[in-house]
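Engineer: dropping a prediction and its sequence here:
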Amino acid sequence: MTIHKSAEDYLEAMLMLREEHGYIRSVDVAEKMGVTKPSVSYATKRLRESGYITLDQAGMIVLLEPGLKIAERMYERHKLLTELLTGLGVSPETARADACKIEHDLSEETFDAIRRHAKEYC
């Protein structure tokens, strides 16, 4: 199944919020991503329908296994690419923004090579 970049961004943001707060609220997703609450409502509906998330009794977002795997994959890419770019002298803000753009388009082969390189040389 193909997942869109925006869905990957939502799942990654949700994982980051869960790590930061221990829970995921739609309002926090909107704030973190700089989008409107209706945009989050639409995205969460689509992510629920695709089996990536669910809502608990309190209305909190819960990452299901397929969504968690995607979120972890994107977050790992984001962190490593950000670290690599800042190591090259790119400002942290630019490195984070560029990592977000790059993380979606890299093949597994290329990312694995970057990961190996980072372990060996960084």
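Structural biologist: Great, that's in hand.
Engineer: which helix runs longest in the protein?
Structural biologist: helix 65-87 (DSSP state H).
Engineer: for that one, buried residues please.
Structural biologist: Within helix 65-87, the residues that qualify as buried are 66-68, 70-71, 73-75, 77-78, 80-82, 84-86, counting by 16 or more other C-beta atoms under 10 Å. Yep, even glycine has a C-beta here, placed from its N, CA and C like the rest.
Engineer: list the residues that contact the closest residue to residue 96 other than its chain neighbours.
Structural biologist: Nearest non-adjacent residue to residue 96, counting by C-beta to C-beta, 6 or more residues apart in numbering: residue 82, 5.3 Å away. With C-beta atoms under 8 Å, 6 or more residues apart in numbering as the criterion, the residues that contact residue 82 are 92, 95-96, 99.
Engineer: quick one: the strands in this structure, in order.
Structural biologist: For the chain, applying DSSP state E gives strands covering 53-55, 61-63.
Engineer: tell me the most buried of these?
Structural biologist: strand 61-63 (a mean of 19; mean count of other C-beta atoms under 10 Å).
Engineer: what pairs with it, and is each one parallel or antiparallel?
Structural biologist: strand 53-55 (antiparallel) (DSSP bridges).
Engineer: which residues does the strand it pairs with contact?
Structural biologist: 11, 14, 44, 47-48, 61-64, 67.
Engineer: quick one: the nearest residue to residue 92 once chain neighbours are set aside from residue 118, how far?
Structural biologist: Of all residues not flanking residue 92 in the chain, residue 86 sits nearest, at 5.6 Å (C-beta to C-beta, 6+ apart). Noted for residue 86: a distance of 12 Å to residue 118, by C-beta to C-beta, to the nearest Å.
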